[in-house]
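Student: Return atomic coordinates for the entry below.
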Amino acid sequence: LLSRICTDCDVWNYINGFYLNMLFNKIFGSNASKPWSKSQAKRLGALNKFKAGECNILVCTDVASRGLDIPLVGLVINYNIPPNLKVYIHRVGRTARAGRTGVAISFVTQYEWEWYLQIEEHTGKKLRSFPAPEEEVLLLMERVSEVLERAICHQEEELQGLNQEKVNQREQLR
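Tutor: So this is what the prediction gives:
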């Protein structure tokens, strides 16, 4: 199920990407990448770990939708629908490369529906729709909120530890 997953987040929406990363790490115990919070060297390191199969989930922005060779991606999840058809094509093009099969799933809100219809029009393909019954969404949102709350508490503890470590390092330099 989790072999080679790449999740795209809007480059302007990196906070949501941060929460997605925490959620995936808590639910799946996966070492997902946080590209917006790392140096270039660390981002490349995370990408190489993903390519090598050392982690199964790569949370990325649209920067990763073009120009990077990321083979063997079986599933791309679009957290949002981009308003630009080319961006959408490059995102979903991360899967099914070099004759392989793959799946792209896009979460679509009522605000993005027009872009969704434009994608169908431009590609000439009717995309399968999977409606989400409100009662199921609310139940899942409750579970996700619980996991996120625990993840945020854990993240805050880690940040406090890092901050204390920096304070200790500064004191040693004096």
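Student: Report the secondary structure element holding Arg143.
Tutor: In this structure, Arg143 is located in helix 134-173 according to DSSP states H and E.
Student: list the helices and strands that helix packs on?
Tutor: Judged by 3 or more CB pairs under 8 Å, 6 or more residues apart in numbering; DSSP states H and E, the packing partners of helix 134-173 are helix 14-28. C-beta: built from backbone N, CA, C; applies to glycine.
Student: Next SSE downstream of the helix it packs on?
Tutor: For helix 14-28, the following helix or strand on the C-terminal side (DSSP H and E) is helix 40-51.
Student: Domain map for this structure?
Tutor: Here the domain parsing of the chain from automatic domain parsing is 5-130, 133-174.
Student: Turn the ones you listed into TSV, including mean neighbour count.
Tutor: Converted to TSV, these look like this (neighbours: other CB atoms under 10 Å):
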stretch	mean neighbour count
domain 5-130	16
domain 133-174	10
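Student: Of those, which shows the lowest average pLDDT?
Tutor: Out of these, domain 5-130 stands lowest, with a mean of 75 (criterion: mean pLDDT).
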